[in-house]
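1. Show me how the following folds:
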Amino acid sequence: MEEQKAAVRAVLAAARAEGRTALTASEGKLVADAYGIPTPAEGLAECADDAVSLADRIGFPVALKIASPDILHKTDAGGVRIGLGSAAEVRGAFTAIVQNAKAYDPAARITGVQVQQMVPEGQEVIVGSVTDPTFGKIVAFGLGGVLVEVLKDVTFRLAPATADDARSMLDGIRAAEVLRGVRGAPPADRAALTGLIVRTSQLAADFPEIAEVDLNPVFASADGVMAADVRVLLSDGIAPARRRYSREEILTAMRRLMEPRSVAVIGASNEPGKIGNSVMRNLIDGGFPGEIHPVNPKADDILGRKAYKTVGEVPGAVDVAVFAIPAPFVPAALEEAGRKGIPNAVLIPSGFAETGEHALQERIVALGEEYGIRLLGPNIYGYYSPWQDLCATFCTPYDVRGPVALTSQSGGIGMAILGFARTTRTGVSAIVGLGNKSDVDEDDLLTYFGEDDHTECIAMHLEDLKDGRAFVEAARETVRKKPIVVLKAGRTSAGAKAAGSHTGALAGDDAVYDDILRQAGVIRAPGLNDMLEYARALPVLPTPRGDNVVIITGAGGSGVLLSDALVDNGLRLMEIPKDLDAAFRRFIPPFGAAGNPVDITGGEPPSTYEATIRLGMEDPRIHALVLGYWHTIVTPPMVFAELTVRVVEEFRARGIEKPVVASLAGDTEVEEAAAYLFAHGVVAHPYTTEKPVAALGAKYRWARAAGLLT
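-> Residues are numbered from 1 along each chain as shown. Reported below is the predicted structural model:
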């Protein structure tokens, strides 16, 4: 392989030496040949006679394409002719192509016309690679040809991609069935397509200077694959690598941040309404058991605590310094904290990069690196660590301990998280503001939360990722143990605007995020409430053991909606075996309906609900239950809730755990019943069939990503 890499390196070096950012067609073929990417036989003709001679040698029919480093989109320039079956056609096409190219761009350098073997027929697909600003090198696969930008049926993975990644890409496009063969057409060679994706991704990963690789169209048939056109674009320069910390360095710093023994508040104040006063009050009133040191050069005592003129005067070790001073004063105080050896700075003040003060933010980042201080923020509301009785924020306190860690890049979203947690009594292990993410970001916190015994589920609101690959690395490690829910804001296609190839044009920000987050095993939430509901529900639901889901409902209409919701969330309605169908029928009236959904009808007494739920819990072939309750006087809401909890807890005591979710339709009494169910391990929602099933779908997505489904 080293010999092939050397050949490619020589081609790239020659192009860069000439100041070019695109390889010629012949150079593209050399690169493709080096990496085993099948391309048609071809040659470069400088005149019409050369073209005819090459066509005779290659064999008719042939295609002709303009060869110019300045014309990237050959078809747009009228620089392509295909299906040429005679010398006369080749001669005429040569002349026409050159004339069209000169008219399209009079200044373009034209090195000749590429004469190319006509590729065999097959399904047109696109394979390529781009350099994403967040995730680096990614590989793309999808439906190709002239409709590629219209249909945008493309999927993405990190490069280099594994064979498993490549196979998942083949199945991940909407037109996947076409590749398997439709209307009598033979299926495409999956092994050949898989190999092509892997080799293309490896090419891009091996050479950072390659910005984009575009194989479009690729013709995929039962006999193999062939790339009809190869386009390779080069970058102007290679971005500097972001500083990375080792896993142990991250854990050491984050443990001292989230589990501190001593906190200094720089800018502490006695004056109500000041941020420094609010932070101090929250720390003291929240019962933080460690040392709290106020720092203020103009005070001797703050809220009954001795105050220090500078953080350097604070006795003993300090784990965290919370900054509550105006932005211009932060660098000097941060340097003082660095000299004292404080490992973590929580930077509450705004007035940095978010307001255009990039130099000021770069200054504090440099100081952090110089002194080994990890920076949380700036421009944040602070953070909560309830298991440590730590409330280091100027916002309202929250102290309900639980298994959910929540982070947000936005202060407003952070307060929405707080309000939701308070309303639903969601117990949290942490709520952390990330703000500008000058240093500490999601991958640092994922690494910590993944090892934190108090955390069972992590939910993150983010607008961007500084280092997508570091995030994916941390996520993959964490997902094996606990679920991660992400709300990604900012669904734009800004990344595609400056693209120079079909692949680049298709790699919009959101499309890439969606596929790469899925590749990492992350559950992506469509909205804020979804993220919070998933985070609340996932620790409650047991892990399913298989795919068989059964709906038991007291209303036929509810059953239909629940069935739709299951399909929408990638879940599968179990095909009920005859013996199980007969067992259900013993408990439901003749005008009810077994099968799946199991419709027990609305007028049934509590005993019917209990018997059918008990059967669903008892039969090992059923892996999850979805309950649809309809409010009647015969079975009031709380009666339904209590009997459901009793049955579920009875089976849990016997070691039989299955996820159970419930949708409750009825008068306002169903709200209390749903809350009771949720508090006792059954995820339940009133007035909606979508929410409980979406939570179940999220649990299944995590179980699959973690490899826990049998």
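
2. how about residue 93, secondary structure?
-> Classification of residue 93 into helix, strand or coil gives helix, according to DSSP: H, G, I helix; E, B strand; the rest coil.

3. What residues does the spatially closest residue to it that is not a sequence neighbour make contact with?
-> Here the nearest residue to residue 93 in space, its sequence neighbours aside, is residue 81; by CB to CB, 6 or more residues apart in numbering that works out to 3.9 Å. Glycine gets a C-beta too; all of them are placed from N, C-alpha and C. Shown in contact with residue 81 (CB atoms under 8 Å, 6 or more residues apart in numbering): 63-65, 93, 96-97.

4. What subset of those residues is buried?
-> Buried by 16 or more other CB atoms under 10 Å: 63-65, 93, 97, out of the contacts of residue 81.

5. Tell me which entries of these lie within helices.
-> Those of the buried ones among the contacts of residue 81 mapping onto helices are 93, 97, per DSSP state H.

6. In CSV: the buried ones among the contacts of residue 81, plus distance to residue 554.
-> CSV is the format used below for the buried ones among the contacts of residue 81 (distance: CB to CB, whole Å):
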residue, distance to residue 554
63, 65
64, 70
65, 66
93, 72
97, 71
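
7. List the buried residues in the host helix or strand of residue 663.
-> Secondary-structure element containing residue 663, defined by DSSP states H and E: strand 660-665. For strand 660-665, the neighbour count (16+ other CB under 10 Å) marks 660-665 as buried.

8. Strand partners (parallel or antiparallel) of that strand?
-> Take DSSP bridges as the rule and strand 660-665 pairs in its sheet with strand 624-630 (parallel), strand 683-686 (parallel).

9. what's the average pLDDT for the first one?
-> The predicted model assigns strand 624-630 a mean pLDDT of 97.

10. Hmm, residue 48 and residue 115 touching each other?
-> No: contact status for residue 115 versus residue 48: not in contact, 10.7 Å apart, counting by CB atoms under 8 Å.

11. which neighbours do the two share?
-> Shared contacts of residue 115 and residue 48, counting by CB under 8 Å, 6+ apart, come down to residue 90.

12. quick one: contacts of stretch 6-25?
-> For stretch 6-25, contacts defined as CB under 8 Å, 6+ apart pick out 27, 30-31, 34-35, 42, 44, 65, 67-69, 72, 111, 114, 203, 206-207, 209-211, 230-236, 500.

13. hmm, 7 Å instead?
-> With CB atoms under 7 Å, 6 or more residues apart in numbering as the test, stretch 6-25 has contacts from 27, 30-31, 34, 65, 67, 69, 72, 111, 114, 207, 209, 232-234, 236.

14. Same check on stretch 537-544?
-> 403-404, 456-457, 483, 623-624, 657-659, 678, 681, 683, 695-696, 698-700, 702-703, 708-709.

15. Turn the buried ones among the residues you listed into a named PyMOL selection, would you?
-> The following PyMOL command selects only the buried members of the contacts of stretch 537-544, with burial defined by 16+ other CB under 10 Å:
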select buried, resi 403+404+456+457+483+623+624+657+658+659+678+681+683+695+696+698+699+700+702+703
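
16. Show me the contacts of stretch 537-544 that map onto strands.
-> 403-404, 457, 624, 683 (DSSP state E).

17. all strands of the stretch 151-300 of the chain, in order?
-> With strands called from DSSP state E, counting those that start in this stretch, the stretch 151-300 of the chain shows them at 154-158, 210-221, 224-227, 230-234, 262-266, 291-295.

18. out of those strands, nearest to residue 435?
-> With CB to CB, the closest approach to residue 435 among the strands of the stretch 151-300 of the chain belongs to strand 262-266: 16.9 Å.

19. Report the strands that pair with the closest one, each with its relative direction.
-> Here strand 262-266 is paired, per DSSP bridges, with strand 291-295 (parallel), strand 320-323 (parallel).

20. neighbour-wise, which of residue 115 and residue 48 wins?
-> Set side by side, residue 115 and residue 48 show unequal neighbour counts under other CB atoms under 10 Å, the larger going to residue 115 at 29 against 17.

21. Out of the strands of the stretch 151-300 of the chain, flag the one nearest residue 475.
-> Across the strands of the stretch 151-300 of the chain (criterion: CB to CB), the nearest stretch is strand 154-158, sitting at 11.7 Å.

22. Show me what the closest one is packed against.
-> Here strand 154-158 touches strand 136-143, helix 163-172, helix 509-519, going by 3 or more CB pairs under 7 Å, 6 or more residues apart in numbering; DSSP states H and E.

23. hang on, the earlier thing: got the strands paired with strand 262-266 as CSV, with mean neighbour count and mean pLDDT columns?
-> Formatted as CSV, these follow (neighbours: other CB atoms under 10 Å; pLDDT from 0 to 100):
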stretch, mean neighbour count, mean pLDDT
strand 291-295, 24, 98
strand 320-323, 28, 98
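
24. follow-up on the earlier one: can you name the residues bridging to the residue nearest to residue 93?
-> Listed by DSSP bridges, the beta-bridge partners for residue 81 are residue 64.

25. Please report how far it lies from residue 479.
-> Taking CB to CB, to the nearest Å as the measure, residue 81 falls 51 Å from residue 479.

26. Please apply the same query to residue 135.
-> Distance check for residue 135 against residue 479: by CB to CB, it reads 17 Å.

27. Would you mind listing where the stretch 1-150 of the chain has pLDDT under the threshold?
-> Within the stretch 1-150 of the chain, the stretches falling below the threshold (pLDDT under 70) are 145-150.

28. so where do the strands sit in it?
-> For the stretch 1-150 of the chain, the strands identified by DSSP E, counting those that start in this stretch occupy 42-45, 62-67, 80-84, 112-117, 123-132, 136-143, in order along the chain.

29. got those strands as TSV, with distance to residue 189 columns?
-> Compiled in TSV, the strands of the stretch 1-150 of the chain are given as follows (distance: least, CB to CB, whole Å):
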stretch	distance to residue 189
strand 42-45	22
strand 62-67	22
strand 80-84	23
strand 112-117	19
strand 123-132	10
strand 136-143	14
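
30. Which one of these lies nearest to residue 272?
-> If you check each of the strands of the stretch 1-150 of the chain against residue 272 by CB to CB, strand 123-132 wins as the nearest, at 47.7 Å.

31. Pairing partners for that closest one, with directions?
-> In the sheet, strand 123-132 lines up against strand 136-143 (antiparallel), strand 210-221 (antiparallel) (DSSP bridges).
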